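*Asks:* fold the following, please.
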Amino acid sequence: MPKGYDARHLRDVTSVPCPCGQSWRIFTRKDGSPVNIHVTSIQDSRRHFHKHCTEFYYILEGQGTLEVGDDTLKLTPGLLVRIDPGTPHRGHGDFKTLVIGVPAWDPEDEWFTEE
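*Replies:* This next block holds a predicted model:
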């Protein structure tokens, strides 16, 4: 019988490069998780959107700005931002964020806008 849970420590996850910077993908669609949980270090990312995934960015450390649609938000630790499907976004500065995607992020659902 399955355990009914899974546990992973950030230090046990290998980081991967991504359009936002560097990401530690703790739980993903490949794991059978209904959501993705990533810790992502962002400097200057590419403007993109997702057609099916709602993302939540919880700012862990650092500072910068997040372009979301037509707005620019100042980022400080403790801020939580919800980004709905179809909303272009990108980060500037130097910050680390916990990214939660619902449903779990699909690599085929990442669309880049004109820069």
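
*Asks:* go through stretch 96-105 and flag the buried ones.
*Replies:* By neighbour count on 16 or more other CB atoms under 10 Å, the buried set for stretch 96-105 is 96, 97, 99, 100, 101, 104, 105. Using the backbone N, CA and C atoms, a C-beta is placed for each residue, glycine as well.

*Asks:* kindly state the pLDDT recorded for the first one?
*Replies:* Predicted confidence (pLDDT) at residue 96: the value is 98.

*Asks:* contacts only, for it.
*Replies:* 39, 40, 41, 42, 59, 60, 61, 62 (CB atoms under 8 Å, 6 or more residues apart in numbering).

*Asks:* hmm, back to that, of the buried residues of stretch 96-105, which pair is most distant in space?
*Replies:* Greatest spatial distance among the buried residues of stretch 96-105 (CB to CB): 96 and 104, at 20.7 Å.
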